[in-house]
Every structure is written in C-alpha cells, then in structure tokens.
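**Student:** whatever this is, show me its structure:
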Amino acid sequence: MVNAQGLNASYKVFPNGSGYKAFIEIGSADEYRFTEVGILGERTPIEVTGVELSGNCSPCNFTWIDPTIIRFVKGNYTISYQNRILENHLQGIFDEPYNVTVEIPKGFDVRNPFIGMISQGGLINISENGLYVNFTRTRQFETRFYDSTRETILYLFGNFWLLFAAALLVPYAITWQRKKQ
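**Tutor:** Numbers count the residues shown, from 1 in each chain. You can find the predicted model right below:
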C-alpha cells in the first residue's frame with residue numbers, strides 16, 4: 001500500500017555538478033522506465049548507471065527489458081540510480097504526484113533568475129551543505145543551477161552593457177542640453 005501523502009523522490013547532485021544520484025519510491029509496480037522530460041514535454045527514455053532495487057526482499061532482483069526499462073516482482077520498492085547532468089539542468093517526470101527533494105551542493109545556486117531556475121512550486125531551503133529544493137505533490141520538476149563563476153560573468157556582462165549604454169547616452173544628453181540653451 002502506498003503512503004496516502006504520496007510517493008517520494010530525492011535527487012542528490014554530485015559535488016562537481018556533473019551528475020546525480022536518484023532515489024525513487026514506487027508503489028505496487030512491476031516495471032520502471034527511466035525517463036526525463038523531452039523538448040515538447042514528452043517522456044524521453046534515458047540510459048542510467050548503478051541501478052539498485054531495494055524493498056522487502058534480500059536481494060531484490062530485476063531484469064532489464066531494454067536499456068531504459070527494468071522489470072521485477074510486483075511490490076513497493078525504492079529504485080536508486082545515477083545519471084549525468086548536462087548544462088547544469090536537472091529535471092524529472094512522474095506518472096503520479098511525488099514529493100521531490102533536490103539537494104544541490106555548496107558552491108552552486110539556483111536563485112538568480114537570469115542564469116538559474118526552479119520550476120513552479122519549488123521551495124528553497126538553505127543549509128551549510130548547500131541548497132535543498134522541495135516540490136510537494138508534483139508530477140514534474142525542473143532545476144537549473146550555476147556556480148559562482150557564471151554569476152561573476154553575468155555581472156561583468158551586465159556592467160559592460162551599462163557602460164556601453166552610458167557611453168552612448170552621455171553625448172546625446174550633452175547635445176540635447178546644448179540645443180535647449
């Protein structure tokens with residue numbers, strides 16, 4: 001029987017941001033498909049590594065149907081696996097509402113909307129180890145994180161354009177003042 005409050009999923013981003021380890025609870029299932037959100041919002045199969053199945057069995061066995069699907073005896077389980085992260089962008093999609101926690105390590109952030117983001121419903125909690133982004137009862141989540149170097153580059157880029165705008169506007173303002181006199 002599945003918990004009435006919903007199933008849980010947690011994603012822990014590696015310290016260097018290159019990948020993640022996921023822990024997904026499933027209830028009353030005999031198959032699991034590894035997918036992510038595609039360009040048009042569709043489910044896109046992904047190949048993962050380090051797949052483990054745990055539950056009320058020892059050991060919990062599964063068989064691969066193809067490189068993106070595993071099959072096992074029907075029941076309640078937790079599936080863990082690892083995958084890479086491309087362009088600091090992590091996302092997930094589920095068949096039913098999940099409570100999702102994404103742990104982003106120290107040195108990365110999501111709070112600047114120009115270079116980072118979290119999908120609707122995400123709440124950020126800051127700890128000494130990094131950030132935790134929590135989604136309650138969601139079927140889909142998305143996070144884009146960045147490091148301090150990207151934030152520095154953004155500020156330099158913004159300052160450059162402010163100086164450029166000032167260089168163009170100051171001569172215009174001086175000319176406008178002369179015409180007014």
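
**Student:** so what pLDDT did Gly107 get?
**Tutor:** pLDDT for Gly107: 93.

**Student:** brain fart, Thr101
**Tutor:** 97.

**Student:** that one contacts Asn134, doesn't it?
**Tutor:** Yes. With contact defined as C-beta atoms under 8 Å, Thr101 reaches Asn134; the gap is 5.4 Å. For glycine as for every other residue, the C-beta is placed from the backbone atoms N, C-alpha and C.

**Student:** could I get the one helix or strand Lys21 maps to in CSV with only the CA atoms?
**Tutor:** Using DSSP states H and E, Lys21 sits in strand 19-33. Extracted C-alpha coordinates of strand 19-33, given in CSV (Å, rounded to 0.1, in the frame of the first residue of the first chain):
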residue,chain,number,x,y,z
GLY,A,19,25.7,14.1,-12.3
TYR,A,20,23.3,13.0,-9.7
LYS,A,21,22.1,10.0,-7.7
ALA,A,22,18.3,9.5,-7.5
PHE,A,23,16.2,7.6,-5.1
ILE,A,24,12.6,7.0,-6.3
GLU,A,25,9.9,5.2,-4.4
ILE,A,26,7.4,3.2,-6.4
GLY,A,27,4.3,1.5,-5.2
SER,A,28,2.5,-1.6,-6.4
ALA,A,29,4.6,-1.8,-9.6
ASP,A,30,6.3,-4.5,-11.6
GLU,A,31,8.2,-2.3,-14.0
TYR,A,32,10.1,1.0,-14.1
ARG,A,33,11.0,3.2,-17.1
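
**Student:** that one pairs with which strands, parallel or anti?
**Tutor:** strand 7-13 (antiparallel), strand 69-84 (antiparallel) (DSSP bridges).

**Student:** show me what that strand is in contact with.
**Tutor:** For strand 19-33, contacts defined as C-beta atoms under 8 Å, 6 or more residues apart in numbering pick out 1-3, 7-14, 43, 45, 50, 65, 68-85, 90, 92, 98.

**Student:** out of these, which are buried?
**Tutor:** 7, 9-13, 70, 72, 77-81, 83, 85, 90, 92, 98 (16 or more other C-beta atoms under 10 Å).
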